[in-house]
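In: sharing a model that was predicted from the sequence below.
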Amino acid sequence: MSALTDAFEQTLDAILHDKTFSGVEVVQHAARTRRGMTTFTVTIDREGGVDLATCERIAARINDALETFEDPYSLEVESAGLERPLVRPHDYERFAGKAARVVTSLTIGGQKTHRGTLVGLRGENVILATAQGELPLPIATIKSANLEYDPRADFTRDKRERKTHGRTGS
């Protein structure tokens with residue numbers, strides 16, 4: 001690992017312990033070097049979502065820490081978004097009840113891509129509720145997983161709230 005990458009990692013750790021970034025979670029991060037250029041990517045999240053200003057503040061903090069290095073680099077700081085990646089075992093518990101898409105390295109139940117509602121963890125298995133029932137997916141076989149955003153659910157909820165509160169939406 002280079003001194004530049006070390007400084008990047010240390011800065012991310014400092015951000016997570018800085019009260020001005022309270023509630024910000026680093027979902028995933030990476031450093032890739034290609035043709036002498038290092039590209040840093042940081043995906044962040046926060047309860048209620050992440051705005052552009054938060055991404056800009058984190059990028060500025062990282063750039064400030066790396067400005068003394070002569071090595072060329074690029075930096076991308078992004079929100080985890082509506083279809084947030086699920087990367088740690090506790091993510092499957094935290095987002096229980098939410099729609100998810102899980103891709104496995106092995107064929108399970110005749111397929112590698114599984115969609116359903118997260119139930120949580122049982123031992124070393126992620127439990128996904130599907131139309132056919134509960135599907136246990138061994139964590140070791142998961143290549144990728146993310147929440148699935150359904151705009152229809154938002155429209156249905158908004159319609160129900162307008163009806164409940166007597167608003168016509170005009």
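Out: That came in fine, so what should we check first?
In: what about the longest strand in this protein?
Out: strand 111-122 (DSSP state E).
In: tell me what that one is packed against?
Out: helix 89-94, strand 99-108, strand 125-130, strand 133-138 (3 or more CB pairs under 8 Å, 6 or more residues apart in numbering; DSSP states H and E). C-beta here means a position set from N, CA and C on the backbone, and glycine is covered the same way.
In: okay, the ones you listed in a markdown table with distance to Glu67 and mean neighbour count next?
Out: Output for the helices and strands packed on strand 111-122, formatted as a markdown table (distance: least, CB to CB, whole Å; neighbours: other CB atoms under 10 Å):
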| stretch | distance to Glu67 | mean neighbour count |
| --- | --- | --- |
| helix 89-94 | 33 | 16 |
| strand 99-108 | 39 | 17 |
| strand 125-130 | 41 | 19 |
| strand 133-138 | 44 | 15 |
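In: quick check, Ser144 in a strand?
Out: Yes - under DSSP: H, G, I helix; E, B strand; the rest coil, Ser144 sits within a strand.
In: and the helix or strand Arg160 falls within, which residues are buried?
Out: Following DSSP states H and E, one finds Arg160 within helix 151-165. For helix 151-165, a neighbour-count test (16 or more other CB atoms under 10 Å) marks nothing as buried.
In: compute the inter-axis angle for that helix and strand 99-108.
Out: Angle of helix 151-165 versus strand 99-108, following axes from the mean of the first three to the mean of the last three CA atoms, to 10 degrees, is 150 degrees.
In: what's the spacing between helix 151-165 and its chain's center?
Out: 26 Å (CA atoms, centre = their mean, to the nearest Å).
In: what helices or strands is it leaning on?
Out: Taking 3+ CB pairs under 8 Å, 6+ apart as the contact cut, helix 151-165 packs with no helix or strand.
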